[in-house]
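Engineer: Sequence unavailable; structure follows:
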Ligand code: B12
Ligand code: SF4
Ligand code: SF4
C-alpha cells in the first residue's frame, strides 16, 4: 500500500474523517502559485496591523513561509481535521452565566490530537517500508507550530477558506481542529483545492457584532471578541461600547460560525444520525457556567479547573477580567431578579473586587460593581 493511502486509512481509524496531503516541492512549483498567494495575504495582513499584539505571528513569518524551516527534512505535509462538538458550551441564558467557544469543550485538543497522531505514525512505521537507504521521519504539529495550517489544509483538499476566514468542509462545516504531520517522504500529491461554496452568502460578515471581518476573508484581530478574550493579556484597550459587544463570551466567540449554513447542516446531520463526535462533549466542571460559582472561584481553583483544558491559554487574571466584563454586560438585563438576590450579587462583586490582586482585573470589577449598584436601584 502506498504511504498516502495508508496514512489516510490510519487517520480515519484514529478518528480523523478528513485528511489529505501535499508535497512541498509540488506546492512551491505549482503554476497557479496558490501557496505564494496565501503567503502574500499573510504578509499584507501583518502589514495592516491585523495581528494585534500577537507578536509570535510576526516572529514566525519565515518559518510559515516554508515548513522546512520547522522540520528541515520535510518533503510533504499530511493534513487532518478533527470535528469537535457543535453543541453550545457554557450557559445559553445570559442571566445564568457566560458562554464559551465550542472548541473549549473536552480535554486540551493540542495534547489529545498530538498523542493520536504519534500513535498513528508508530502504526504506519511498522507497516510501511520506505525506499532503500531511508527511514520514515516525521514531526506532528497541532496549532502551536509556525505553519499556515488553513493554507496547507486548503491545498490538501480538506475544505475551502470561507469569508469568515475558517476552513470549511462541505459536510463537516468549520467546527474543526486542524493538525499536520510533516514527513520526510514524498506522497506524489500536488495541491488540489476544493471549490469555494460561499457564493453570494455574507451571513458571517453580518453576524459579527464588532465588524471584525473587514471584508470577505479578512479578519482584524483588534476588533475580534475571540482575540480580546483568548489572546489579549492585560488591559483590553477597547471602548466601553466594544466591551458591551462581548456580551457573555467569556472565552472565544462562535458567532461567525453559528451563522454559517455549513455548520447548521452538520448540526442537523448529527441530530439525525447521532455519530460519535471527535472529542468528548461539554464538561460543565471544566467550563464552569454559573455567575455565582465563578464569582467565588479564586485563581488556584481556576488553575486546577482548566489544567487539562485548552482554556489554560487564558491566565487567571485574564479570565477574571473577562468574567467582570461579561457579568457587567448582563446586569442591565437582570430585570426579574428579586431585591435579596441583587444584594447577594452586589456583595459578591464587592468581595471579588477586594480580593483581586491584578490591577487591570480590579478596575473591571470596580466598573462591574458601579453598574450593578446602578442597575439594582433602577429595578427597585
Ligand atoms: C492567530 C490565530 C487566531 C487569531 C486570528 C484569526 C485569523 N483569522 O487569522 C484569533 C485569536 C482572532 C483567532 C480566532 C479564532 N481561531 Co484561531 N488561529 C490562529 C492561528 C494560530 C494562526 C492564524 C493565522 O495565521 N492568521 C493569519 C491570517 C492572515 O490568516 P487568514 O486571514 O485566514 O489568511 C490565510 C489563509 O486562510 C489564506 N486565505 C484566506 N482567505 C483567502 C482567500 C484567497 C483568495 C487566498 C488566495 C488565500 C486566502 O491566506 C492566509 C495565509 O495562510 C491558527 C493556527 C495556525 N497555526 O494556523 C488558529 C486557527 C486558525 N484558529 C482556529 C480556531 C478554531 C479559531 C476560533 C474559531 C476560536 C473561537 N471559537 O474563538 C476563532 C475564529 C475567528 C475567525 N473568524 O477566524 C482554528 C481554525 C480551524 C478552521 N476550521 O479553520 C486554527 C486553524 C487552529 C487549529 N489548529 O485548529 N485565531
Ligand atoms: S469570532 Fe466573533 S468577533 Fe471574531 S470575527 Fe467571528 S463573529 Fe466576529
Ligand atoms: S456564512 Fe456564508 S459566507 Fe460566511 S463562511 Fe459560511 S458560507 Fe461562507
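Structural biologist: Looks like it came in fine. Because the structure is predicted, anything quoted here is derived from the model rather than measured. Ligands and ions are numbered 1, 2, ... in the order given.
Engineer: would you list every one of the strands in this structure?
Structural biologist: 18-23, 76-83, 89-90, 99-100, 138-141, 160-161, 167-168, 176-183, 213-215, 218-219, 249-251 (DSSP state E).
Engineer: any chance of the ones you listed in a markdown table, with distance to residue 116, mean pLDDT and mean neighbour count too?
Structural biologist: In short, each C-beta sits where N, CA and C put it, glycine included. Formatted as a markdown table, the strands of the chain follow (distance: least, C-beta to C-beta, whole Å; pLDDT from 0 to 100; neighbours: other C-beta atoms under 10 Å):
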| stretch | distance to residue 116 | mean pLDDT | mean neighbour count |
| --- | --- | --- | --- |
| strand 18-23 | 12 | 98 | 25 |
| strand 76-83 | 8 | 98 | 27 |
| strand 89-90 | 22 | 96 | 26 |
| strand 99-100 | 23 | 98 | 26 |
| strand 138-141 | 9 | 98 | 20 |
| strand 160-161 | 25 | 98 | 20 |
| strand 167-168 | 19 | 98 | 26 |
| strand 176-183 | 9 | 98 | 25 |
| strand 213-215 | 32 | 98 | 15 |
| strand 218-219 | 29 | 98 | 18 |
| strand 249-251 | 24 | 98 | 27 |
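Engineer: Might you list the low-confidence residue ranges for this structure?
Structural biologist: For the chain, the stretches flagged by pLDDT under 70 are 267-284, 379-380.
Engineer: Go through it and flag its longest helix.
Structural biologist: helix 359-379 (DSSP state H).
Engineer: and that one, how far from the chain's centre?
Structural biologist: Centroid separation for helix 359-379 versus its chain: 30 Å, with C-alpha atoms, centre = their mean, to the nearest Å.
Engineer: Check stretch 294-301 too.
Structural biologist: That offset, for stretch 294-301, works out to 24 Å (C-alpha atoms, centre = their mean).
Engineer: contacting residues for the closest residue to residue 238 other than its chain neighbours?
Structural biologist: Distances taken as C-beta to C-beta, 6 or more residues apart in numbering place residue 228 nearest to residue 238, at 6.7 Å, with adjacent residues excluded. Residues in contact with residue 228 (C-beta atoms under 8 Å, 6 or more residues apart in numbering) are 236, 238, 246.
Engineer: ok, now how distant is the residue nearest the centre of the chain from residue 253?
Structural biologist: The centre of the chain sits closest to residue 103, judged by C-alpha atoms, centre = their mean, with a distance of 6.1 Å. Residue 103 sits 11 Å away from residue 253, taking C-beta to C-beta, to the nearest Å as the criterion.
Engineer: Just send the contacts of residue 228 back as JSON lines, with neighbour count too.
Structural biologist: Shown next, in JSON lines, are those (neighbours: other C-beta atoms under 10 Å):
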{"residue": "236", "neighbour count": "18"}
{"residue": "238", "neighbour count": "17"}
{"residue": "246", "neighbour count": "22"}
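Engineer: could you dump the residues you listed to CSV with distance to ligand 3?
Structural biologist: Shown next, in CSV, are the contacts of residue 228 (distance: C-beta to the nearest ligand atom, whole Å):
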residue, distance to ligand 3
236, 26
238, 24
246, 21
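Engineer: Provide a list of residues in contact with residue 192.
Structural biologist: 20, 22, 155-157.
Engineer: switch to 7 Å and redo it
Structural biologist: For residue 192, the contacting residues are residue 157, by C-beta atoms under 7 Å, 6 or more residues apart in numbering.
Engineer: Buried residues, stretch 222-234. List them.
Structural biologist: 222-232 (16 or more other C-beta atoms under 10 Å).
Engineer: Surely residue 63 and residue 144 touch.
Structural biologist: No. With contact defined as C-beta atoms under 7 Å, residue 63 does not reach residue 144; the gap is 11.9 Å.
Engineer: any idea how far residue 371 lies from ligand 2?
Structural biologist: Going from residue 371 to ligand 2 by C-beta to the nearest ligand atom, to the nearest Å gives 22 Å.
Engineer: How much space separates that residue from residue 52?
Structural biologist: 27 Å.
Engineer: Show me what from the stretch 151-300 of the chain comes close to ligand 3.
Structural biologist: Residues of the stretch 151-300 of the chain that fall close to ligand 3, judged by C-beta under 6 Å from any ligand atom: 162-164, 198, 201-204, 259-262.
Engineer: Mind splitting the protein into its structural domains?
Structural biologist: 1-285, 290-380 (automatic domain parsing).
Engineer: out of those domains, nearest to ligand 1?
Structural biologist: Of all those, domain 1-285 sits nearest to ligand 1, with 3.0 Å by C-beta to the nearest ligand atom.
Engineer: Now do the end-to-end distance for that closest one.
Structural biologist: Criterion C-alpha to C-alpha, to the nearest Å; first-to-last residue distance in domain 1-285 is 45 Å.
Engineer: Would you agree residue 118 is in contact with residue 141?
Structural biologist: No. At 11.8 Å, residue 118 does not count as touching residue 141 under the criterion of C-beta under 7 Å.
Engineer: any chance you could map the helices in the stretch 151-300 of the chain?
Structural biologist: All helices of the stretch 151-300 of the chain, identified by DSSP state H, counting those that start in this stretch, fall at 203-207, 225-226, 240-245, 255-258, 261-273, 291-296, 299-306.
Engineer: Residue 344 and residue 376, how far apart?
Structural biologist: 11 Å.
Engineer: more neighbours, those two?
Structural biologist: The residue with more neighbours, out of residue 344 and residue 376, is residue 376; 18 against 14, by other C-beta atoms under 10 Å.
Engineer: Confirm for me that that one is in contact with residue 342.
Structural biologist: Yes. Applying C-beta under 7 Å, one finds residue 376 in contact with residue 342, separated by 4.1 Å.
Engineer: related to what we said a few turns ago, rebuild the buried residues of stretch 222-234 as JSON lines, extending it with distance to residue 321.
Structural biologist: Formatted as JSON lines, those follow (distance: C-beta to C-beta, whole Å):
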{"residue": "222", "distance to residue 321": "17"}
{"residue": "223", "distance to residue 321": "18"}
{"residue": "224", "distance to residue 321": "16"}
{"residue": "225", "distance to residue 321": "14"}
{"residue": "226", "distance to residue 321": "15"}
{"residue": "227", "distance to residue 321": "14"}
{"residue": "228", "distance to residue 321": "10"}
{"residue": "229", "distance to residue 321": "9"}
{"residue": "230", "distance to residue 321": "12"}
{"residue": "231", "distance to residue 321": "13"}
{"residue": "232", "distance to residue 321": "9"}
